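Participant: no letters, just coordinates:
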């Protein structure tokens, strides 16, 4: 994994919510807000991703909290899931 600078607590939260937004847009064809995308994700994505999404919402509401152990790896796994489900090619 390559990081550009120190890992900040908001990276996981922003990454997860942005991935929800990307996937929602790819699947619905609509441009949505992050809150709209999160609502879509909570209703549409498998149970595996729900705890990560919930923690990302909490992180947005309580900025500055450190990600819990495993969230960084789980965020990378969610990225791979979005790539596969959205048919996003590596560049």
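Facilitator: That came through, no problem. This structure is a prediction, so every number in the text was calculated from the model and none was measured.
Participant: contacts and neighbour counts: CA atoms only from here.
Facilitator: OK.
Participant: what's near enough to touch residue 43?
Facilitator: Residues in contact with residue 43 (C-alpha atoms under 8 Å, 6 or more residues apart in numbering): none are found.
Participant: ok, it to residue 23 distance?
Facilitator: 13 Å (C-alpha to C-alpha, to the nearest Å).
Participant: and residue 55, what element?
Facilitator: Taking DSSP states H and E as the definition, residue 55 sits inside helix 50-61.
Participant: which strands and helices lie in contact with that helix?
Facilitator: Packing partners of helix 50-61 (3 or more C-alpha pairs under 8 Å, 6 or more residues apart in numbering; DSSP states H and E): helix 9-28, helix 34-44, helix 71-85.
Participant: among those, which is nearest residue 53?
Facilitator: helix 9-28 (6.6 Å; C-alpha to C-alpha).
Participant: rewinding a little: pick the most buried one from the helices and strands packed on helix 50-61.
Facilitator: Of all the helices and strands packed on helix 50-61, helix 9-28 carries the top mean neighbour count, a mean of 20, counting by mean count of other C-alpha atoms under 10 Å.
Participant: now the helix holding residue 55, how far from the centre of its chain.
Facilitator: Remark: helix 50-61 is offset 9 Å from the chain centroid, using C-alpha atoms, centre = their mean, to the nearest Å.
Participant: got the helices and strands packed on helix 50-61 as JSON lines, with distance to residue 58 and mean pLDDT columns?
Facilitator: Below are these laid out as JSON lines (distance: least, C-alpha to C-alpha, whole Å; pLDDT from 0 to 100):
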{"stretch": "helix 9-28", "distance to residue 58": "8", "mean pLDDT": "88"}
{"stretch": "helix 34-44", "distance to residue 58": "12", "mean pLDDT": "95"}
{"stretch": "helix 71-85", "distance to residue 58": "13", "mean pLDDT": "89"}
